[in-house]
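Undergrad: Build me a structure from this.
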Amino acid sequence: MQNHHRNHFLFLLLAGALLVACGCVTHQGDFTVASTKLVRLNAFDLDKTSRVNNVEGEDVQYFVLFFPTGGPPSVKTAMDRALENGNGDVMRDVRIDSWSFGILGLYGENGWSVRGDVVKTRTN
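TA: Residues are numbered from 1 along each chain as shown. Just a heads-up that it's a prediction; the model follows:
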């Protein structure tokens, strides 16, 4: 019988944790080509260059006890980080998501995620 009470307690603990923790991801859009850099594509063929596949950049804001630990996240910073991670200046086949997660004001995160293939159009 004692094991039965322990199972109820574990179930209630898990259910309570699920009720206080919440989060979501919102798909903001897909883009064929995107960049935060000044690029000249008129003399450059994106299909004939090497690319780094499936690169991701994020910008995240954390919350501890309802207080943010930094400024608000931006999609520009997330894309800049993806371009830096892929050592390029243009992204192809881009997916942009925003997301948030929190546990009753004790801890939380919200941010932007940019994922795609990175191409370098500049020679310098």
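Undergrad: If you average pLDDT per helix and strand, which one of the chain comes out bottom?
TA: helix 2-20 (a mean of 62; mean pLDDT, DSSP states H and E).
Undergrad: residues of the following helix or strand past it that come out buried?
TA: Per DSSP states H and E, helix 2-20 leads on to strand 21-34 as the next helix or strand towards the C-terminus. Residues of strand 21-34 classed as buried by neighbour count (16 or more other C-beta atoms under 10 Å): A34. To be clear about C-beta, it is placed using only N, CA and C from the backbone, and glycine gets the same treatment.
Undergrad: again, but for stretch 46-53
TA: 51-52.
Undergrad: neighbouring strands for the helix or strand encompassing E109, and are they parallel or not?
TA: Using DSSP H and E, E109 sits within strand 107-119. In the sheet, strand 107-119 lines up against strand 51-64 (antiparallel), strand 90-103 (antiparallel) (DSSP bridges).
Undergrad: Please compute how far that strand lies from its chain's middle.
TA: On the basis of C-alpha atoms, centre = their mean, to the nearest Å, strand 107-119 sits 2 Å off its chain's mean C-alpha point.
Undergrad: if you compare the strands paired with strand 107-119, which one is most tucked away?
TA: Comparing the strands paired with strand 107-119 by mean neighbour count (mean count of other C-beta atoms under 10 Å), strand 90-103 ranks first with a mean of 18.
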